[in-house]
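[1] below are the sequence and a predicted model for it; my questions follow.
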Amino acid sequence: MIRWLLHLGTRSMERKTNYDASYMHDVIDTSTSAGVKLALLPLLSQHREDAPKPLWFGAGLASVLEGDCGPCVQLMVDQGISEGVDPGLLRAILARDFDAMGEEAALGFRFAEAVIAGNMHSETYRIEVEHRYGKRAMIALAYATAFCRTYPVLKWGLGHGLACQKIKVGDQLETVIRKAA
C-alpha cells in the first residue's frame, strides 16, 4: 500500500511538472523505505521561511546547477515561473549575469556557490544574509544550498543523469553558464 501511494504521488508530480521522475519510481520499486525517505526530501529542499523569492531561487538554482544543467534545472525554473518569479531574473541566474539578476538573487547565488565550494567568502555572505533577512531566512538558504542539488546528484548516482540541455524560460531557450570562465 505504501509503495502504491508513493508511485501515485510521484506520478501526480510528474503530470503537474512535466518532469520525468523515473529514478524515483526505480527507488520506490527497489526499496519502499528509501522511497519514503526520498518523498520527504522536499520538506527540506523547499523550506523557504522568511527568504524572499529572488534570494531563495538564487541559492536554489546555484545548488541545482552545481549538480546538473538539465531537467532538474528546468523543473526549478518552471517552479519559479509558476510562483511569479520574473523570467528575466531566472534568465540572468542561468547566464550568471550578476548585474541583471539583482542584489537579492546575486547574494543567494554567491552564498550557495561559496558554501558548496567551501570558499572562505561563504561566511561573509552568511552574515550578510542573516543581517538583512534574519536567521530563519539564512536557514532556508542553507537548506536550499544543501538539498536542492541532492536531486541531480542522486539521479547521476542512480544512472539517470542526463547531459546539459537548453532551458526554456517563458518562450525563450537559454544556455546555462555553470561556472565562471
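    It's in. What you see is a predicted model, and the numbers here were worked out from it, not measured in a lab. Numbering: from 1, shown residues only.
[2] give me the low-pLDDT residue ranges for the chain?
    Residue ranges of the chain with pLDDT under 70: 163, 178-181.
[3] in it, where's the longest helix?
    Taking DSSP state H as the criterion, the chain has its longest helix at helix 98-117.
[4] distance between that one and the chain's centre?
    Centroid displacement of helix 98-117 relative to its chain, using CA atoms, centre = their mean, to the nearest Å, is 13 Å.
[5] what does stretch 88-104 give?
    15 Å.
[6] thinking again about what came up before, which of the residues in the following helix or strand past the longest helix of the chain are buried?
    Past helix 98-117, further along toward the C-terminus, the next helix or strand under DSSP states H and E is helix 121-133. Of all the residues in helix 121-133, those buried under the rule 16 or more other CB atoms under 10 Å are Ser122, Tyr125, Arg126, Val129, Tyr133. (Glycine included, C-beta is placed from N, CA and C.)
[7] ok, which stretches of this structure are helices?
    2-17, 22-30, 32-40, 42-45, 53-67, 71-82, 87-94, 98-117, 121-133, 135-147, 150-157.
[8] coming back round to it: got the angle for the longest helix of the chain vs helix 121-133?
    Helix 98-117 and helix 121-133 are oriented at 120 degrees to each other (axes from the mean of the first three to the mean of the last three CA atoms, to 10 degrees).
[9] what residues are up against Val169?
    Residues near Val169 by CB atoms under 8 Å, 6 or more residues apart in numbering: Val77, Ile81, Pro87, Leu90, Arg91, Leu94.
[10] returning to that earlier point: between the buried residues of helix 121-133, which sits nearest Asp50?
    Tyr133 (6.1 Å; CB to CB).
[11] verify the contact between the closest one and Lys53 for me.
    No - contact between Tyr133 and Lys53 fails when scored by CB atoms under 8 Å: they sit 11.9 Å apart.
[12] hmm, back to that, packing partners of the longest helix of the chain?
    Counting contacts by 3 or more CB pairs under 8 Å, 6 or more residues apart in numbering; DSSP states H and E, helix 98-117 is packed against helix 53-67, helix 87-94, helix 121-133, helix 135-147.
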